[in-house]
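Participant: sequence first, predicted model second:
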Amino acid sequence: MVDSAQVQAFADLHVQAFPGFFLSQLGPKFLALLYTHYLQSEQCACILASDDSAGRAPKGLAVAIRQPSLFYKDLFAKHWLAFALRALPSLLKNPLFVAKKLWAAVFYRGDQVESLDTENAVLLSTISVSPQAQGQGVGRQLLQEVEAWAAESGAAFVYLTTDRDANVEVNGFYQRNGYVLESTLKKSGNRIMNRYIKRLR
């Protein structure tokens, strides 16, 4: 059984870590549903960096997904209506933009690519660090735990995508931690993403 308070804390942390990003704009109810499915799935690992003090909000969270194309295909095939209903307030505010993004989300398969065996890999879906915990090594700790989980799962490598432009600090973070730029890809709205990989064996 998923703890609703924990789910809400994860959704709140996501909004704090990614203010103004699309998923954050869809609101806490949409994010709560997404994190509920992450927590329920055996294909996902939700790795938490928490404060030792009781009742304190988490400092960071990483979500890693094994066989991401299968996970997302199954998720949206079964639950597209629930996600659409939770996105309705955002859809009414900005119908064209949100509708395009939601339509793209239905066909999202974890940024799989033919040149990489992504079915034998783990996708780092998100890594969120609270603004108060920035610079404390939380992101590096989470990344190491994701890599350990991926190795235990038998994955050949971990991969992720992040914005190419106006994102020097984040790109540098992954490069410093052994991730290699594999390719770039273009998404809707002329958004250019860098795809990084780190081989585990």
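Facilitator: Sure, I can see it.
Participant: please enumerate the helices of the chain.
Facilitator: Ranges of helices within the chain are 4-17, 22-25, 28-40, 68-86, 88-93, 95-106, 138-152, 168-176, based on DSSP state H.
Participant: can you tell me which of these is nearest to residue 123?
Facilitator: When the helices of the chain are ranked by proximity to residue 123, the top entry is helix 68-86, at 4.0 Å, counting by CB to CB. Bear in mind the C-beta positions are built from the backbone N, C-alpha and C, glycine included.
Participant: in stretch 23-41, which residues are buried?
Facilitator: The neighbour-count criterion (16 or more other CB atoms under 10 Å) identifies 23-27, 29-39 as the buried residues of stretch 23-41.
Participant: returning to that earlier point: mind putting the helices of the chain into a markdown table with distance to residue 159 and mean pLDDT?
Facilitator: Rendered in a markdown table, the data for the helices of the chain read as follows (distance: least, CB to CB, whole Å; pLDDT from 0 to 100):
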| stretch | distance to residue 159 | mean pLDDT |
| --- | --- | --- |
| helix 4-17 | 20 | 91 |
| helix 22-25 | 19 | 86 |
| helix 28-40 | 17 | 93 |
| helix 68-86 | 9 | 89 |
| helix 88-93 | 28 | 85 |
| helix 95-106 | 19 | 74 |
| helix 138-152 | 10 | 97 |
| helix 168-176 | 10 | 97 |
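Participant: can you lay out these as CSV showing distance to residue 131?
Facilitator: Putting those into CSV (distance: least, CB to CB, whole Å) gives the following:
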stretch, distance to residue 131
helix 4-17, 6
helix 22-25, 13
helix 28-40, 17
helix 68-86, 25
helix 88-93, 23
helix 95-106, 25
helix 138-152, 11
helix 168-176, 13
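Participant: please consider this matter closed, and thank you.
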